[in-house]
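Undergrad: predicted model and sequence follow; I will ask about them next.
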Amino acid sequence: MAPRRIGIATGGGDCPGLNAVLRAAAVRCHTLGIELLGIESGFDGLLGVGDARVLPLTVEATADLLDRGGTALGTTSRGNPLRWRDGAGAFVDRGDEVVASARTRGIEVVISVGGDGTQRISAELHRRGLPMVGVPKTIDNDLACTFESLGFPTAVQIVTDALDRLRTTAEAHHRVIIVEVMGRDAGWIALEAGIAGGADAIIVPEVPHDGAALAAAVAARLARPRPHAIVVVAEGARRPVRDASASPGAAVAVARGLAAALPHAELRVTTLGHLQRGGTPTAADRLLASRCGVEAVDLAARGEVGVLLTWQPPDIVAVPLEPDAIVTRGVDPDSQLVRHARELGISFGDTGP
Ligand code: F6P
């Protein structure tokens with residue numbers, strides 16, 4: 001029998017497209033006569049943390065969300081109920097409380113929209129008896145189970161637009177602009193936006209780079225007409241990336257190396273930061289989000305739970321929501337994509353394959 005009440009939550013870092021999932025789920029639930037409840041701030045709403053609530057997500061309440069960035073439910077990267085920090089700083093497991101709270105509210109299935117961390121939590125909550133359907137999202141595109149994750153297309157577009165703008169000013173001043181982009185430990189955003197935005201060099205964690213080789217590539221570009229260069233650096237190309245206050249960012253490290261090797265070059269560093277996660281989702285993200293919202297509700301309605309949606313073009317395909325399915329992936333240095341970038345003359349700061 002189809003559930004009468006479904007919950008939906010967004011967890012981890014926000015990304016463009018989350019709201020479009022909420023809207024699509026609300027529309028599909030309405031059609032099927034299922035009540036949809038939004039759980040605020042990851043799973044916090046079910047634990048009554050702060051002012052996080054569980055509230056009805058109706059078609060009317062979600063009508064304006066298709067093109068809005070962020071998430072109307074709010075989210076958190078610190079709300080792991082399985083490793084909850086209590087007042088004394090100790091870790092406690094509140095997973096069973098989440099399951100009990102959902103049951104008390106009559107929530108029969110939870111659609112959980114999140115990255116690898118959120119989906120691992122979802123898998124465990126499912127194992128403990130709260131039926132789950134996972135929807136992968138992350139601008140980092142580092143989830144191995146899916147062709148592209150929700151949020152990634154918009155992040156690539158934002159970075160591409162930024163590179164277009166930065167190139168005009170680099171060209172005007174004959175400068176080298178080193179642009180740091182997000183991606184956590186993976187170089188997907190740097191690679192795809194770097195190609196789309198005409199970068200001269202792309203530095204990613206998956207391809208070890210060498211200061212001398214990068215400097216040679218930049219020097220070669222500066223020796224050509226209209227001398228300037230754009231170097232895109234993935235944040236993960238230098239570790240640790242988590243504590244920005246304790247170590248210089250990846251782009252600053254690259255810039256220091258270039259400054260030493262090319263003392264006459266005029267260098268500037270731009271870090272795009274959270275710009276990459278904000279604002280209007282692209283058509284590709286809206287489409288993926290809308291399809292995932294519908295498919296997640298359809299699966300829940302048929303009782304096909306304990307699954308993770310993956311995009312295997314042209315279809316959204318459900319795979320078991322198990323730890324084995326929730327693995328991260330980086331760029332394959334031997335892929336056709338990297339080869340094509342090299343063949344376009346883009347340097348990876350190495351001496352080639
Ligand atoms: O995982 C998404 C992401 O934006 C990463 O690219 C980045 O390293 C991290 O989150 C930033 O986290 P926060 O928003 O907590 O600073």
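TA: Now that the structure is in, tell me what you want to look at.
Undergrad: name the element N141 belongs to?
TA: Here N141 sits in a region with no helix or strand, counting by DSSP states H and E.
Undergrad: what count of nearby residues applies to it?
TA: N141: 28 surrounding residues under other C-beta atoms under 10 Å. For glycine as for every other residue, the C-beta is placed from the backbone atoms N, C-alpha and C.
Undergrad: that one against R184, yeah?
TA: No - the criterion here is C-beta atoms under 8 Å, and N141 misses it with R184 at 9.8 Å.
Undergrad: distance between stretch 141-152 and the chain's centre?
TA: Chain-centre distance of stretch 141-152: 8 Å, with C-alpha atoms, centre = their mean, to the nearest Å.
Undergrad: what sits up against that stretch?
TA: Stretch 141-152 has contacts (C-beta atoms under 8 Å, 6 or more residues apart in numbering) with 15-18, 21, 113, 115-116, 119, 135-140, 183-186, 188-189, 277, 281, 285, 288-289, 292, 308-313, 319, 325-330.
Undergrad: one more: stretch 51-70?
TA: By C-beta under 8 Å, 6+ apart, the surrounding residues in contact with stretch 51-70 are 7-8, 14, 16, 18-20, 22-23, 25-27, 29-30, 35-41, 44-46, 72, 74, 105, 107, 277-281, 286, 290.
Undergrad: same check on stretch 257-275?
TA: Stretch 257-275 is contacted from outside by 158-159, 162, 166, 170, 173-182, 211-212, 214-215, 218-219, 222, 231, 249, 251-252, 255, using C-beta under 8 Å, 6+ apart.
Undergrad: related to what we said a few turns ago, from the contacts of stretch 51-70, which land in helices?
TA: 18-20, 22-23, 25-27, 29-30, 44-46, 286, 290 (DSSP state H).
Undergrad: doesn't V98 make contact with F43?
TA: Yes - between F43 and V98 a contact is recorded at 5.2 Å, counting by C-beta under 8 Å.
Undergrad: give me the common contacts of those two.
TA: With C-beta under 8 Å, 6+ apart as the test, F43 and V98 both reach 81, 125.
Undergrad: give me the more crowded residue out of these two.
TA: Set side by side, F43 and V98 show more neighbours around F43, with 33 against 26, by other C-beta under 10 Å.
Undergrad: if I look at that one, how far off is G293?
TA: 19 Å (C-beta to C-beta, to the nearest Å).
Undergrad: then P248?
TA: Note on P248: its distance to G293, by C-beta to C-beta, is 40 Å.
Undergrad: of these two, who's got more company?
TA: Ranked by neighbour count (other C-beta under 10 Å), P248 and G293 place G293 first, with 29 against 13.
Undergrad: lowest-confidence helix or strand of this structure?
TA: Sorting the helices and strands of the chain by mean pLDDT, DSSP states H and E puts strand 84-85 at the bottom, at a mean of 93.
Undergrad: what is that strand packed up against?
TA: Here strand 84-85 touches strand 91-92, going by 3 or more C-beta pairs under 8 Å, 6 or more residues apart in numbering; DSSP states H and E.
Undergrad: gap between the strand it packs on and the chain center?
TA: On the basis of C-alpha atoms, centre = their mean, strand 91-92 sits 27 Å off its chain's mean C-alpha point.
Undergrad: what's the answer for stretch 214-227, then?
TA: Stretch 214-227 sits 33 Å away from the centroid of its parent chain (C-alpha atoms, centre = their mean).
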